[in-house]
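> Quick one: sequence plus predicted model below, questions after.
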Amino acid sequence: MRQHIIWRELAEPVPGLDGLLEATQVLERQGEPLPGIGERLVEGNRFAVARHGILGTALGDQIHGLVVQGILVGHTRSLAGCACRGELLGSSVSLLAELAATIRAAGPAARGFPFERWAWRVFEYQYERNPAYRQLCDRRGISPRTVARWQDIPAVPAAAFRQADLACGPAEAVFRSSGTTAGDGMRSRHAVPSLDLYRASAVPTFAHFLLPDAVRLPMLALLPPPELAPASSLVRMCAWVGEELCTGVEWFADDTGLRRDALQARLVAAADSGEAVVLAGPTAAFAALFESGWRVRLGPGSRLMDTGGAKGMCRPLSRAGFLRACWHHLGLAAYWCVNEYGMSELCSQRYESVLHERFAGASLAPRRLLAPPWLRTRVLDPDTLEEVSAGAPGLLCHHDLANAGSVAVVLTDDLGRAVDDGIAVLGRVPGAPARGCGLLLRELDER
C-alpha cells in the first residue's frame, strides 16, 4: 500500500531526538508551518528519511481512506550524508482514530487545541467521502481548495439528517432523534462510522462538567437500557459514563415509560443511607417525577444532569422553575443541577458551567452552556446566515470535529445567543424552517 508523505524541513536542529516519536507536539513545538515542503512516495510501512529533514504529518492515500501520523525528528548533523530508514507508526490508523486520540490527549479543558487545522482536514475528508455533502458543496462552488476560513466550511441543516444519508463510510451505529419535534415519522438518522470518536468526545466532557471532583458515584438514569434503546445516543453515552466514571448505571425506564415507583424507592434508599448519586435523563422525565408531589432529600454530593429542555413536557416549565423543583423535590441546590445541550446529529455536547465553576472557585460566573475545544458554535442570522453581532439572537450553527464521520457543520433550528465564552439557548424557530435553512435544504433536495 502506498502513502503520500509530506516532508517538512527543520527550522533548526532538535538535539537529542534521533528516534521515532509518537505525539504531534514536535510539530507544535516547531511553531508555524515550516518551509521546504515536498512529497515522497513510500511502500508498505517503511520510508526513507530525508537528509536534514523532519517527517511531519503523513496524509494517507485517499482511495484507502487512511491518514497516518508519524513524527521522525533527525538531528541534522547525524543525518547529513547518510541514508537512514525508520518505521512509520500507525500506518493503518484512520483520520477518525487519529482525531479520537488527539481529543483524548487534549481533554475538554485544553487550551490551544488545533481546531482550525483539524477543521480543514475534516472538511477535506468529508468532501472526499460523503457524496451528498460533496454535492451540496459543489452547488455552492465550495471545495477544500477554495475555503479560506474554517467559518466558510458549508453547513448542513439538522433537518437534512431526515432526508439524506450523510455518512463518510459504513456505520458502527445509527442514532435516531426522539421524534418529539418533527414527529415519529420524521426522525433524524445519524450514521456514525466511529463510536470510539463519539466516546472520546462525550465521556471526558461529561466528567469535566458533572464530575469535576472526580468522585465515583452510582448513576440513576431516567432512561431505558441500551438493549431497549439502541438508537439513542444519550443512552449510549450514559452507558459509557457508567462504565468509565461511575460505579455503574441503573435504568429506570422501559418501553412503557418511566418506572416511577422503582425510581422513588431507590431514591429513598439513597437518601436514608446518605449515599450520593448522579441522576441523568430528559428534562421531561424529571418533570413527570415532580408532578406527583413526592419529595426526598438526597445525600450531599448528589447531582443531576438533564437534557432536552421542554421537549416532551405536558406543560411548560421554565429553567428557573425546573431548578426550584429540583430543590423542592430532591433537595438539590441549583449548582448541583447541570443542563446538557446535545443532539442526535452531534457527537459532542455542551453543558452548563455552574458545577465545574463552583469547584474552580468561580461560582459567581453566569450560567451558560460551555463546550469542549473541538466544538465551536456560531450564531447566525436566520435569513442571511451571516454571523450576528455579539450577544444578538440567531440560529445556532455547530462545528463539531467529533462529527468527522458524517458532517461536521450542522445548522440547527435552535435560537440562541453568545454569552461570554458560551451560549444560551432561547428556544426553537416556530413553524417552518428559517429562510436560510430552507435554501440549504433545497440544495440537498436537488442533488
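The structure has been received and is ready for your questions.

> for the stretch 151-300 of the chain, what spans make up the helices?
For the stretch 151-300 of the chain, the helices defined by DSSP state H, counting those that start in this stretch occupy 195-210, 233-244, 260-273, 283-290.

> Quick one: closest of these to Pro144.
Of all those, helix 195-210 sits nearest to Pro144, with 20.3 Å by C-beta to C-beta. Placement of C-beta: from N, CA and C, glycine included.

> Now for this structure, the helix or strand with the poorest mean pLDDT.
helix 76-79 (a mean of 27; mean pLDDT, DSSP states H and E).

> between the helices of the stretch 151-300 of the chain, which gets the lowest average pLDDT?
Per-stretch mean pLDDT for the helices of the stretch 151-300 of the chain is lowest at helix 283-290 (a mean of 94).

> quick one, it and helix 260-273 angle?
Going by axes from the mean of the first three to the mean of the last three C-alpha atoms, to 10 degrees, helix 283-290 is angled at 80 degrees with respect to helix 260-273.

> just checking, next helix/strand downstream of helix 283-290?
Next helix or strand after helix 283-290 toward the C-terminus (DSSP states H and E): strand 303-307.

> From the contact counts, what lies against that next one?
With contacts taken as 3 or more C-beta pairs under 8 Å, 6 or more residues apart in numbering; DSSP states H and E, strand 303-307 sits against helix 195-210, strand 278-282, helix 283-290, helix 319-330, strand 337-341.

> can you rerun that using 7 Å?
If you count contacts as 3 or more C-beta pairs under 7 Å, 6 or more residues apart in numbering; DSSP states H and E, strand 303-307 packs onto strand 278-282, helix 283-290, strand 337-341.

> For the residue most central in space within the chain, give me the pLDDT.
Closest residue to the average C-alpha location of the chain: Ser348 at 1.9 Å, with C-alpha atoms, centre = their mean. Predicted confidence (pLDDT) for Ser348: 98.

> for it, what are its contacts?
Neighbouring residues of Ser348 by C-beta atoms under 7 Å, 6 or more residues apart in numbering: Ser201, Thr205, Ala371, Pro372, Trp374, Leu375, Asp400, Ala402.

> if we can go back for a sec, export the helices of the stretch 151-300 of the chain to CSV and append columns for distance to Arg303 and mean neighbour count.
Shown next, in CSV, are the helices of the stretch 151-300 of the chain (distance: least, C-beta to C-beta, whole Å; neighbours: other C-beta atoms under 10 Å):
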stretch, distance to Arg303, mean neighbour count
helix 195-210, 6, 22
helix 233-244, 12, 20
helix 260-273, 12, 15
helix 283-290, 13, 21
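
> TSV for the ones you listed, including distance to Glu357?
As requested, the helices of the stretch 151-300 of the chain are arranged in TSV below (distance: least, C-beta to C-beta, whole Å):
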stretch	distance to Glu357
helix 195-210	10
helix 233-244	21
helix 260-273	26
helix 283-290	21
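
> Nearest to His328, out of the ones you listed?
Judged by C-beta to C-beta, the one of the helices of the stretch 151-300 of the chain that comes nearest to His328 is helix 283-290, at 7.8 Å.

> just the CA coordinates of the closest one, formatted as PDB?
Output of helix 283-290 as PDB, limited to C-alpha atoms (Å, rounded to 0.1, in the frame of the first residue of the first chain):
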ATOM      1  CA  THR A 283     -35.900  17.200  31.500                       C
ATOM      2  CA  ALA A 284     -39.400  15.900  30.700                       C
ATOM      3  CA  ALA A 285     -38.800  12.700  32.700                       C
ATOM      4  CA  PHE A 286     -37.800  14.700  35.800                       C
ATOM      5  CA  ALA A 287     -40.800  17.000  35.300                       C
ATOM      6  CA  ALA A 288     -43.000  13.800  35.300                       C
ATOM      7  CA  LEU A 289     -41.400  12.700  38.500                       C
ATOM      8  CA  PHE A 290     -42.100  16.000  40.200                       C
END
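
> closest to Ser143 out of the helices and strands packed on strand 303-307?
Ser143 lies closest to strand 337-341 among these, at 31.3 Å (C-beta to C-beta).

> average pLDDT for that closest one?
pLDDT averaged over strand 337-341 gives 98.

> likewise stretch 413-424?
The average pLDDT within stretch 413-424 is 96.
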